[in-house]
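1. coordinates only, sequence not included:
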């Protein structure tokens, strides 16, 4: 898979001095490939996941035609997207294919709808 080489290249851009846990992700759309790495901050709540970096790059370019998300970590186990990333993904593609790759280049395929519980925001009422 050619995308593995891209992931291994961009993971070097991860800023993870606190967790020492670099993550790289690429979001493939009909029109482009968007990359992301995790970016940490000493104020942990300001940290952003690699998946959301890639998603926000796509959205900021006007591209919402998500096809698949590929996540790579140089670890033995597969690393899944966090709940926040899953919720953001569901906003744009309810059944996205998610591919996980570990340091041994083993691949595991998942579906977004399997990974996220049924989340439906409450109906918003407007008082006009």
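-> Now that the structure is in, tell me what you want to look at. Predicted, not measured: the structure shown is a model, and the values here were computed from it.
2. and the nearest residue to residue 14 once chain neighbours are set aside, helix, strand or coil?
-> Spatial nearest neighbour of residue 14, chain neighbours left out: residue 22 (3.5 Å); criterion: C-beta to C-beta, 6 or more residues apart in numbering. In this view, the C-beta of every residue, glycine as well, is placed from N, C-alpha and C. Secondary structure of residue 22, reduced to three states by DSSP: H, G, I helix; E, B strand; the rest coil: coil.
3. in the protein, which residue is closest to the centre?
-> Among the residues of the chain, the one closest to the centroid is residue 51, at 2.0 Å (C-alpha atoms, centre = their mean).
4. which non-adjacent residue is nearest that residue?
-> Residue 51 sits nearest to residue 85 (C-beta to C-beta, 6+ apart), 4.1 Å away.
5. how close does the one you found get to residue 46?
-> 16 Å (C-beta to C-beta, to the nearest Å).
6. who has more neighbours, these two?
-> Counted by other C-beta atoms under 10 Å, residue 85 and residue 46 do not tie: residue 85 has more neighbours, with 24 against 9.
7. who's in contact with that one?
-> Residue 85 is in contact with 49, 51, 52, 55, counting by C-beta atoms under 8 Å, 6 or more residues apart in numbering.
8. do residue 30 as well
-> 63, 65, 67.
9. kindly recompute the last result at 10 Å.
-> By C-beta atoms under 10 Å, 6 or more residues apart in numbering, the contact list for residue 30 reads 63, 64, 65, 66, 67.
10. the fourth one is in contact with residue 97, isn't it?
-> So the one you mean is residue 66. Yes - the pair residue 66 / residue 97 is scored as a contact, 9.3 Å apart, by C-beta atoms under 10 Å.
11. now for these two: what residues contact both?
-> Common neighbours of residue 66 and residue 97 (C-beta under 10 Å, 6+ apart) are 28, 112.
12. so for these two, which residue has more residues nearby?
-> Comparing residue 66 with residue 97 by neighbour count (other C-beta under 10 Å), the higher total belongs to residue 66, at 21 against 15.
13. appreciated, that's everything.
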